[in-house]
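>>> Provided below for reference: sequence and predicted model.
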Amino acid sequence: MLIKYQMFGVFIDGQMEAFSLGTYDKKMKIAYIHVEKANPEIRFTKGSTWLVYQAITGYEIFTGEKPDLEKMSTVL
């Protein structure tokens, strides 16, 4: 079975400082983030704000659809 992975990175001044690697299950309509890595020397957004950004970005990247921001924000 072939698994189609998708990846996106965060670039700062032309250098990748963080990335996520995941898959999307079309049948269940859910994105799975398998790997996330970031430069530990860079201060990134933390807490619930980070979770909302991850959900928004991941959903849009893996589904190609715009997420419902209001619903995603109320979950937290």
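That came through fine. Residues are numbered from 1 along each chain as shown.

>>> run me through the strand neighbours of the longest strand seen in the chain, direction for each.
Secondary structure of the chain per DSSP state E: the longest strand is strand 15-25. Here strand 15-25 is paired, per DSSP bridges, with strand 6-12 (antiparallel), strand 30-38 (antiparallel).

>>> need phi/psi at the residue positioned nearest the centre of the chain.
Residue closest to the average C-alpha location in the chain (C-alpha atoms, centre = their mean): residue 58, at 3.5 Å. Residue 58 has phi and psi values of phi -60, psi -40 when expressed as degrees, to the nearest 10.

>>> touching, it and residue 23? I think so.
No - under the criterion of C-beta atoms under 8 Å, residue 58 is not in contact with residue 23, lying 10.8 Å apart. Where you see a C-beta, it was placed from the backbone N, CA and C, and this is true even at glycine.

>>> surely residue 28 is within a helix?
No - looking at residue 28 with DSSP: H, G, I helix; E, B strand; the rest coil, it is coil, so not inside a helix.

>>> show the contacting residues for it.
Listed by C-beta atoms under 8 Å, 6 or more residues apart in numbering, residue 28 has no contact partners.

>>> contacting residues for the residue nearest to the centre of the chain?
Residue 58 touches 20, 22, 31, 33, counting by C-beta under 8 Å, 6+ apart.

>>> could you work out the most separated pair of the residues you listed?
Across these, the longest distance by C-beta to C-beta is 9.7 Å; it joins 20 and 31.

>>> where does the chain have low pLDDT?
Residue ranges of the chain with pLDDT under 70: 44-48, 72-73, 75-76.

>>> residues in contact with stretch 63-71?
Counting by C-beta under 8 Å, 6+ apart, 24, 29, 31, 55-56, 59-60 sit against stretch 63-71.

>>> mind doing that once more with 10 Å?
Outside stretch 63-71, the residues within contact range by C-beta atoms under 10 Å, 6 or more residues apart in numbering are 24, 26, 29-31, 52, 55-60, 74.
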